[in-house]
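> coords below, sequence missing:
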Ligand code: C5P
């Protein structure tokens, strides 16, 4: 059985909404509810912890916890609220900012962790753009065209063996604050991370255009 941590405590400043991003209405419901539905539909998930902005009540059947200053601090608070568990228990972390996640993506990530000896498995999609590294003295000068075949754009869900995630989250606050995902901290602390392929439509809502696209895709699904 697995535990799921849904992080929904961000301010979402780049979205330009009045309140927290996870509470923004999307296709008729607060954004985080779409992810919650997908997690609830997975039989292997026995507990769901939701990291929320201060003062927001936990959704029914979940454990609520106040988020932290940065994303990984919210993940750390959510893992603590989940209570103890065995070292090899799968712990899934998902961003409420990815409302297009499906039960199939979640199951694929959990199955991939069980099938490998890795410490973590992250949902990801092969990169389709050509990526250039820029800078090195002249801010706009192209330094390198990166070999695209080896590049994957990483998403959530990210699934961890509990001990590996706990070890990563025990790093000092400034390490957590600098991390853009938890798997990156696992890599830094010597852990092995694998990818599992996920569709590009499991997109992250960051800006208003993402919100419009997510609404269109969700309305198409309903
Ligand atoms: O801000 P960003 O889009 O990178 O946030 C990714 C996810 O992490 C979102 O679901 C957001 O609600 C969550 N988050 C959080 N606590 C923070 C910052 C972000 O739970 N302090």
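Structure received. It should be emphasised that the depicted structure is a prediction, and the values quoted were computed from it without experimental measurement.

> which residues does the residue in the chain positioned nearest to the ligand contact?
Minimum separation of the chain from the ligand (CB to the nearest ligand atom) falls at residue 10, amounting to 2.8 Å. (C-beta placed from N, C-alpha, C; glycine too.) Counting by CB atoms under 8 Å, 6 or more residues apart in numbering, residue 10 touches 20, 21, 22, 67, 71, 74, 96, 97.

> one more: residue 198?
Here residue 198 is in contact with 105, 108, 109, 123, 124, 125, 155 (criterion: CB under 8 Å, 6+ apart).

> now do the helix or strand containing the third one, average pLDDT.
Spelled out, it's residue 109. Here residue 109, judged by DSSP states H and E, is contained in helix 103-115. Helix 103-115 carries an average pLDDT of 98.

> check the chain for its longest strand and report it.
In terms of residue count, the longest strand belonging to the chain (DSSP state E) is strand 152-161.

> which elements pack onto the following helix or strand past that one?
Proceeding N to C from strand 152-161, the next assigned helix or strand is helix 162-169, under DSSP H and E. Counting contacts by 3 or more CB pairs under 8 Å, 6 or more residues apart in numbering; DSSP states H and E, helix 162-169 is packed against helix 71-82, strand 90-95, helix 182-188.

> so does the first one get close to the ligand?
Right, the one you point to is helix 71-82. Yes: contact of helix 71-82 with the ligand (CB under 6 Å from any ligand atom) involves 71, 74.

> got the buried residues for that helix?
Buried positions in helix 71-82, judged by neighbour count with 16 or more other CB atoms under 10 Å: 71, 72, 73, 74, 75, 76, 77, 78, 79, 81, 82.

> that one: how far from the chain's middle?
Using CA atoms, centre = their mean, to the nearest Å, the distance from the centre of helix 71-82 to the centre of the chain it belongs to is 12 Å.

> do the second one as well
Its chain's C-alpha centre and that of strand 90-95 lie 7 Å apart, by CA atoms, centre = their mean.

> number of nearby residues for residue 34?
20 (other CB atoms under 10 Å).

> residue contacts, residue 189?
164, 167, 168, 171.

> surely the last one meets residue 185?
What that stands for is residue 171. Yes: counting by CB atoms under 8 Å, residue 185 is a contact partner of residue 171 at 5.9 Å.

> what does the helix or strand containing residue 220 rub up against?
According to DSSP H and E, residue 220 maps onto helix 208-221. With CB under 8 Å, 6+ apart as the test, helix 208-221 has contacts from 15, 16, 24, 26, 27, 34, 99, 100, 201, 203, 204, 205.

> about what we covered before: what's the most distant pair in the buried residues of helix 71-82?
71 and 82 (16.8 Å; CB to CB).

> what about stretch 65-75, start to end distance?
From its first residue to its last, stretch 65-75 covers 10 Å (CA to CA, to the nearest Å).

> how far away from the center of its chain is it?
On CA atoms, centre = their mean, the centre of stretch 65-75 falls 12 Å from that of its chain.
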